[in-house]
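**Q** Sequence and computational prediction follow.
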Amino acid sequence: VWLQCRASQFRALHGVLTVAKNFNLKNVIIETDSCEVLMLTSKGGAVDNHPDRDMIEECRRLLFELGISMMHTLREGNRCADHLAKLGRMQLDEDLVILHRPPHSMHQLPQQE
């Protein structure tokens, strides 16, 4: 299960980077609660033996090409992002979902933080 979760985190990052590129977004900062994703995509070290090597290298290339920054955030400190991630896991038939407005279920979350 852990390998599948980790692979989905790299796919999610790649999806965000692809959207940023397609929409020509500038000054983007991506927050992640995954120390592994942050470490592996931020450093130029070899990942030859990593099971997600191709995805990691593509994410590194896009981060550099687009000038996008990444930073760590605690999952507990970002309930909205965690809630969106849980909703995203239910979208099994969709590769990408773009929300034009926050889902109704998110309206109470910032008040709980």
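**A** Noted; the coordinates are in hand.

**Q** Contact partners for the residue positioned nearest the centre of the chain?
**A** In the chain, the residue lying closest to the centroid (C-alpha atoms, centre = their mean) is residue 13, at 3.5 Å. By C-beta atoms under 8 Å, 6 or more residues apart in numbering, residue 13 lies in contact with 30, 32, 37, 41, 59. For glycine as for every other residue, the C-beta is placed from the backbone atoms N, C-alpha and C.

**Q** Specify the beta-bridge partners of the nearest residue to residue 81 once chain neighbours are set aside.
**A** Sequence neighbours aside, residue 31 is the residue nearest to residue 81 in space, at 7.1 Å (criterion: C-beta to C-beta, 6 or more residues apart in numbering). Per DSSP bridges, residues listed as beta-bridge partners of residue 31: residue 71.

**Q** Show me what counts as buried in the helix or strand containing residue 9.
**A** Residue 9 is part of helix 2-22 when elements are defined by DSSP states H and E. For helix 2-22, the buried set under the neighbour-count rule, 16 or more other C-beta atoms under 10 Å, comprises 6, 9-10, 12-14, 16-17, 20.

**Q** Then stretch 84-91?
**A** 84, 88.
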